[in-house]
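Asks: The following block contains a protein sequence and its predicted model.
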Amino acid sequence: MTLSTKDFDYELPEELIAQTPLKDRSSSRLLVIDRHTDQLMDTDFKHILDYLQAGDGLVVNETRVIPARIIGTKPETGGHLEVLLLHNREGNEWETLVKPARRAKVGTKISFGQGQLTAIVKEELDHGGRIIEFDYQGVFLEILEELGQMPLPPYIKEKLNDPDRYQTVYAKENGSAAAPTAGLHFTPELLEAAKAKGIEIIPLVLHVGLGTFRPVSVDNIEDHDMHAEFYQLSDQSAQAINRIKAAGGKITAVGTTSVRTLETISHKFEGKLVADSGWTSIFITPGFDYQVVDHLITNFHLPQSTLVMLVSAFYDREKILAAYDHAVKEKYRFFSFGDAMLLL
């Protein structure tokens with residue numbers, strides 16, 4: 001059966017889209033889904049450890065969001081351009097999204113700040129993508145910290161007063177254009193409590209880019225082309241996961257980015273999980289063979305998105321949509337700053 005994008009749609013009242021993060025990260029609500037009994041349980045995120053066991057592994061994405069949205073002007077016209085950095089290709093060349101793209105033809109020059117940063121468009125890509133080469137003096141990330149803004153999704157209209165609330169507490173590796181939002185619910189105290197219970201915290205990196213949040217614009221989901229994102233899994237983390245699985249423990253992936261990294265590597269190496277890094281454009285849809293992940297912590301995702309498709313592949317499309325309807329009725333908060341679900 002071929003599924004269409006519309007098969008992953010659901011009705012969401014706009015007032016349920018969370019505009020600001022909660023004061024206490026772990027006070028988010030949590031919808032627990034037992035995939036074996038189809039039972040739904042409403043609780044709070046601070047109780048998540050009640051559902052995980054000693055000897056389990058919790059896999060977290062240590063990527064850090066950079067202030068990837070920068071506003072520039074065209075020196076010859078004064079026209080404004082918004083540039084979203086996606087990933088560093090090589091040297092000072094970056095793949096970016098530019099709005100409005102029609103004003104950013106090859107050869108277009110852009111100035112940021114008081115000229116601390118300048119750029120030239122080198123290549124045009126699909127969907128508003130542009131390869132841009134930057135020119136500057138000093139340290140690029142320091143200039144970004146001064147000129148850039150946190151790249152909040154377009155459905156968030158409120159100003160973010162504390163940029164750290166769009167970072168996980170364990171974020172380390174600079175490179176994401178969006179936060180791995182399932183991890184935003186964890187506090188240092190909750191992570192320490194997990195360790196005290198005998199749950200191993202296992203890091204990996206996937207730098208979130210266009211692949212994660214680009215809308216599906218085709219009717220037949222098999223025609224959707226995922227954008228590649230960079231991932232990295234260390235030997236220590238791979239060995240920890242293999243050790244836990246061999247001993248009968250469960251692997252809980254924090255977020256779809258952790259899922260995509262683990263399943264990319266396992267499928268690449270024919271069922272084996274090994275240290276690896278590279279680019280993944282894996283597109284997980286119903287019928288996918290999950291080989292590593294046993295449990296999934298994730299937020300509530302946009303209708304018709306690749307992320308709803310991934311979660312549907314982990315459980316069941318109709319049952320996931322029923323769970324989303326339950327969350328709507330119970331007035332859960334949706335999307336990046338919203339509540340979470342745990343699929344067991």
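Replies: Done, it's in.

Asks: so what's residue 327 up against?
Replies: Residues in contact with residue 327 (CB atoms under 8 Å, 6 or more residues apart in numbering) are 31, 300, 334, 339, 341. (Each C-beta comes from the backbone N, C-alpha and C, glycine too.)

Asks: Surely the last one touches residue 33?
Replies: By that I understand residue 341. Yes. Residue 341 lies in contact with residue 33 (CB atoms under 8 Å); the separation is 6.2 Å.

Asks: Quick check: neighbours shared by those two?
Replies: Joint contacts of residue 341 and residue 33 (CB under 8 Å, 6+ apart) are residue 323.

Asks: Include secondary structure when you put the contacts of residue 327 into a markdown table, please.
Replies: Output for the contacts of residue 327, formatted as a markdown table (DSSP: H, G, I helix; E, B strand; the rest coil):
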| residue | secondary structure |
| --- | --- |
| 31 | strand |
| 300 | coil |
| 334 | strand |
| 339 | coil |
| 341 | strand |
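
Asks: closest to residue 99 among those residues?
Replies: Closest approach between those and residue 99, by CB to CB: residue 334, at 24.4 Å.

Asks: Name the spans of this structure whose pLDDT lies under the cut-off.
Replies: Where the chain drops to pLDDT under 70, the residues are 210-214.

Asks: okay, now the domains of it?
Replies: 5-65+162-343, 69-147 (automatic domain parsing).

Asks: Looking at the ones you listed, which is nearest to residue 153?
Replies: Of all the domains of the chain, domain 5-65+162-343 comes closest under CB to CB, at 5.7 Å.

Asks: starting at the chain centroid, how far to that closest one?
Replies: 8 Å (CA atoms, centre = their mean, to the nearest Å).

Asks: Kindly check the end-to-end length of that domain for me.
Replies: 23 Å (CA to CA, to the nearest Å).

Asks: do the same with stretch 73-87
Replies: 21 Å.

Asks: Pull out the buried residues from stretch 261-273.
Replies: Across stretch 261-273, burial judged by 16 or more other CB atoms under 10 Å covers 261, 262, 263, 264, 265, 266, 267, 273.

Asks: that older thread, can you tell me which of the domains of the chain is most buried?
Replies: When those are scored by mean count of other CB atoms under 10 Å, the highest mean neighbour count falls to domain 5-65+162-343 (a mean of 18).

Asks: if we can go back for a sec, and which of the contacts of residue 327 is nearest to residue 154?
Replies: Closest to residue 154, out of all of those and judged by CB to CB, is residue 334, at 14.3 Å.

Asks: tell me the contacts of that closest one?
Replies: For residue 334, counting by CB under 8 Å, 6+ apart, the contacting residues are 12, 16, 17, 18, 299, 300, 327.

Asks: roughly how far apart are the fourth one and residue 165?
Replies: Spatial separation of residue 18 from residue 165 under the definition CB to CB, to the nearest Å is 12 Å.

Asks: which residues do the two both contact?
Replies: Here residue 18 and residue 165 have residue 337 as joint contacts, going by CB under 8 Å, 6+ apart.

Asks: In three-state terms, label residue 123 for me.
Replies: Secondary structure of residue 123, per three-state DSSP, is strand.

Asks: In terms of helices and strands, where is the residue lying closest to it once chain neighbours are set aside?
Replies: Using CB to CB, 6 or more residues apart in numbering and skipping residues adjacent in sequence, the residue nearest residue 123 is residue 131, 3.8 Å away. Element membership for residue 131, per DSSP states H and E: strand 129-136.

Asks: Now do the contacts for residue 253.
Replies: Per CB under 8 Å, 6+ apart, neighbours of residue 253: 59, 259, 262, 292, 293, 295, 296, 297.
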